[in-house]
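Enquirer: generate coordinates for the sequence data below:
(4 chains)
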Number of protein chains: 4
Amino acid sequence: MKNNSSFPSPDNWLPHRVSYGETDAMGWVYYGNYFELFERGRGEYIRTLTGMSYFDVEERGILLPVREASCRYRAPARYDELIMIRTGIQEWGRASMTFVYEVYNETKEKMLASGMTQHACVNRNSKPVRVPEWLIEAFGNVNE
Amino acid sequence: MKNNSSFPSPDNWLPHRVSYGETDAMGWVYYGNYFELFERGRGEYIRTLTGMSYFDVEERGILLPVREASCRYRAPARYDELIMIRTGIQEWGRASMTFVYEVYNETKEKMLASGMTQHACVNRNSKPVRVPEWLIEAFGNVNE
Amino acid sequence: MKNNSSFPSPDNWLPHRVSYGETDAMGWVYYGNYFELFERGRGEYIRTLTGMSYFDVEERGILLPVREASCRYRAPARYDELIMIRTGIQEWGRASMTFVYEVYNETKEKMLASGMTQHACVNRNSKPVRVPEWLIEAFGNVNE
Amino acid sequence: MKNNSSFPSPDNWLPHRVSYGETDAMGWVYYGNYFELFERGRGEYIRTLTGMSYFDVEERGILLPVREASCRYRAPARYDELIMIRTGIQEWGRASMTFVYEVYNETKEKMLASGMTQHACVNRNSKPVRVPEWLIEAFGNVNE
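Expert: Numbering: from 1, shown residues only, chains lettered A, B, ... in the order given. Next up is the predicted model:
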């Protein structure tokens, strides 16, 4: 898989079973639902790498609302399929961070979708703040 | 329509266009999505009859979390169909209230689903409280 | 857990991580989303007990559309919580079947919700048909 | 509003009431739900400009699956808010078309989000086909 070479390290894989509710009348996962899949991958990534949940991050006063999101759809995912969601961090900004995602079939041989979400780093008053050191450190100095 | 005779008065009708995202691989509105349709009908009912939104009710310190919900599915609703959601209040309890719903096709000739939601009346600390007089009065002494 | 005594056997447990997308502005899992949780439990139940997926059942010409669904909400489920979905079959009708569900917290000590879905058994033309023997047998003569 | 000048003509506006189910634990519309809002705007655009629904387009053998989608989030949309979804066609490709969207508050003074979806044009066998003349003509030679 050529495109894997450019995926940031460390990454994390989350298996997910497609429900009927996630499909649409075309018989595939509805295009808008990929962003919840990305969110599932992101939550698992944070939990696995930092030992904290995103909920814990919020408890410490830092919120990471999505500022931009995109997805490229390559092949349909069907009902009852076990799909694999891959997550990584592509970039740390001064007051933002960017996650990237790839969704594969069960055997990880066929990419179904890829995408990104860029997050602002804000405090409880929705003011942009510098990404705190404890958050970057929690990710183990990813990408260094 | 015989069954109309038993629907509580006053009632309210909300038109709703079925989106692709609301359908599933069977080609119809996913069964779980009817409860969001009920919520849309309920919100419109509160707004129309009381002049307040449910948001305003929450602002005054009263929350109405759902305690029980049910739906009976009679005929499928398809993508792009304009459906009609009918809402009424069936019962006021001491610390609860019960909404009922019917979903029809565009011409209101064919019932697609019917259901109910029972709501607890609680304060901000999630403690059950008596339904406040201002709320009952806002609904114009419905069912009296 | 007293209420377990009445839950039909065999049962099946499915762990599920609550996503942000499943929550609502109250901070808890949105009431309508429990029906997708039930569907996830049901799908896993069918897969585990019969070795077939619901998709396979459809491939053999049998559809099981939901005719009725209900849920009783007992305690809220929060973002990032790992919840446990329990599923069983309560009743086989001539042309229908009834699943029951319970949702617990991670340790299975606190019940968050319980509910049921009744399904018609129909062919590809949406005509009610008798529940086929191969389907009942696939479930290993549950409840006998 | 400067950025309006670059929005393709003709455009179409669809009012949409935010439901509780569309919000998340942050209290705002969940980021993934904007793509269903875009789909609602797109469906209304097709219906208004062509007199056909997307369902009719599918009936004539043309499917328009989403190939790419993106959204930029500018300000949160809250429960019960009436939001305005603006839709236009930005580009016709040989076998594709691109819709663009803007979401505003009720008075159209504040932009909440903007985005795009690019669609492949395929036949029932999922083979890419040239955008048919009747489809382009149905849109009244938009952008010419």
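
Enquirer: and the gap between the most centrally placed residue in chain A and C:Tyr73?
Expert: The centroid of chain A falls nearest to A:Arg42 when counting by CA atoms, centre = their mean (3.5 Å). To C:Tyr73, A:Arg42 is 28 Å away according to CB to CB, to the nearest Å. All C-beta atoms are positioned from the backbone trio N, CA, C, and that covers glycine.

Enquirer: please name the nearest non-neighbouring residue to A:Asp24.
Expert: Distances taken as CB to CB, 6 or more residues apart in numbering or on different chains place A:Tyr30 nearest to A:Asp24, at 4.1 Å, with adjacent residues excluded.

Enquirer: now do the contacts for that neighbour.
Expert: Contacts for A:Tyr30 (CB atoms under 8 Å, 6 or more residues apart in numbering or on different chains) come out as A:22-24, B:20-21, D:36.

Enquirer: cool, and A:Asp80?
Expert: A:Asp80 sits in contact with A:17-18, C:43, C:47, C:53-55, where contact means CB under 8 Å, 6+ apart.

Enquirer: among these, name the ones in helices.
Expert: Per DSSP state H, helices hold the following members of the contacts of A:Asp80: C:43, C:47, C:54-55.

Enquirer: quick check, pLDDT for the residue lying farthest from the centre of chain A.
Expert: In chain A, counting by CA atoms, centre = their mean, A:Ala25 sits farthest out from the average C-alpha position, at 25.9 Å. You'll see A:Ala25 listed with a pLDDT of 92.

Enquirer: quick check: it touching B:Gly21?
Expert: No - using CB atoms under 8 Å as the test, A:Ala25 is too far from B:Gly21 to be in contact (9.8 Å).

Enquirer: follow-up on the earlier one: any idea how far the residue nearest to the centre of chain A is from chain C?
Expert: A:Arg42 sits 9 Å away from chain C, going by CB to the nearest CB, to the nearest Å.

Enquirer: close to chain C: what parts of chain A are there?
Expert: A:17, A:19-21, A:35-36, A:39-40, A:43-44, A:47, A:53-55, A:78-80 (CB under 8 Å from any CB of the partner chain).

Enquirer: among those residues, which ones are buried?
Expert: Buried members of those, counted by 16 or more other CB atoms under 10 Å in any protein chain shown: A:17, A:19-21, A:35-36, A:39-40, A:43-44, A:47, A:53-55, A:78-80.

Enquirer: would you map the helices across chain A?
Expert: A:34-50, A:54-59, A:133-138.

Enquirer: tell me, how many residues neighbour the nearest residue to A:Asn33 once chain neighbours are set aside?
Expert: Leaving aside its sequence neighbours, A:Asn33 sits nearest to A:Glu22 (CB to CB, 6+ apart; 4.9 Å). Number of residues near A:Glu22 (other CB atoms under 10 Å in any protein chain shown) recorded here: 24.

Enquirer: how about A:Ser70: what's its closest non-neighbour residue?
Expert: D:Ser70 (3.5 Å).

Enquirer: got the contact list for that neighbour?
Expert: Applying CB under 8 Å, 6+ apart to D:Ser70 gives the contacts A:68-71, D:115-116.

Enquirer: apply 6 Å and report the result again.
Expert: Contacts for D:Ser70 (CB atoms under 6 Å, 6 or more residues apart in numbering or on different chains) come out as A:70, D:115-116.

Enquirer: what confidence value was assigned to A:Ala138?
Expert: Listed pLDDT for A:Ala138 reads 87.

Enquirer: can you tell me the closest non-neighbouring residue to it?
Expert: In space, A:Ala138 is closest to A:Thr50, 3.8 Å off (CB to CB, 6+ apart).

Enquirer: report the buried residues of stretch A:65-82.
Expert: A:66-73, A:76-81.

Enquirer: sorry, wrong one. I was asking about stretch A:114-131.
Expert: A:114-122, A:131.

Enquirer: pull up the residues of chain A that are close to chain B.
Expert: Contact residues, chain A versus chain B (CB under 6 Å from any CB of the partner chain): A:20-21, A:23-25, A:27, A:30, A:32, A:79.

Enquirer: before we move on, back to that, which one of the contacts of A:Tyr30 is nearest chain C?
Expert: Distance ranking of the contacts of A:Tyr30 against chain C, using CB to the nearest CB, places A:Glu22 first at 8.1 Å.

Enquirer: surely that closest one is in contact with A:Gly32?
Expert: No - applying CB atoms under 6 Å as the test, A:Glu22 and A:Gly32 come out as separate, 9.9 Å apart.

Enquirer: let me see the ranges of the strands in chain A.
Expert: Secondary structure of chain A by DSSP state E: the strands cover A:12-17, A:66-73, A:82-92, A:96-104, A:111-120.

Enquirer: the fourth one close to chain D?
Expert: Read it as strand A:96-104. No - remark: strand A:96-104 sits outside contact range of chain D, by CB under 6 Å from any CB, the gap being at least 12.3 Å.

Enquirer: which stretches of chain A have low pLDDT?
Expert: Applying pLDDT under 70 to chain A flags the ranges A:1-5, A:141-144.

Enquirer: what residues does it have near chain D?
Expert: Counting by CB under 6 Å from any CB, chain A sits next to chain D at A:31-32, A:35-36, A:66-73.

Enquirer: okay if I get the contacts of D:Ser70 as CSV plus distance to A:Thr107?
Expert: Formatted as CSV, those follow (distance: CB to CB, whole Å):
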residue, distance to A:Thr107
A:Ser70, 26
D:Gly115, 32
D:Met116, 32
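
Enquirer: so which of the residues you listed comes closest to C:Gly140?
Expert: For the contacts of D:Ser70, the closest approach to C:Gly140 (CB to CB) belongs to A:Ser70, at 46.7 Å.

Enquirer: beta partners of the closest one?
Expert: A:Met116, D:Ser70 (DSSP bridges).

Enquirer: look up how far A:Leu14 lies from it.
Expert: As judged by CB to CB, A:Ser70 and A:Leu14 stand 20 Å apart.

Enquirer: got the contact list for A:Leu63?
Expert: Neighbouring residues of A:Leu63 by CB under 6 Å, 6+ apart: A:Val122.

Enquirer: hmm, I was thinking of A:Ala25
Expert: Taking CB under 6 Å, 6+ apart, we find A:Ala25 in contact with B:23, B:27, B:79.

Enquirer: once you drop chain neighbours, what's closest to it?
Expert: B:Thr23 (4.1 Å).

Enquirer: surely the one you found meets B:Arg78?
Expert: No - with contact defined as CB under 6 Å, B:Thr23 does not count as touching B:Arg78 (7.4 Å).

Enquirer: spatially nearest residue to A:Leu37, not counting backbone neighbours?
Expert: Per CB to CB, 6+ apart, closest to A:Leu37 is A:Ile85, 5.5 Å.
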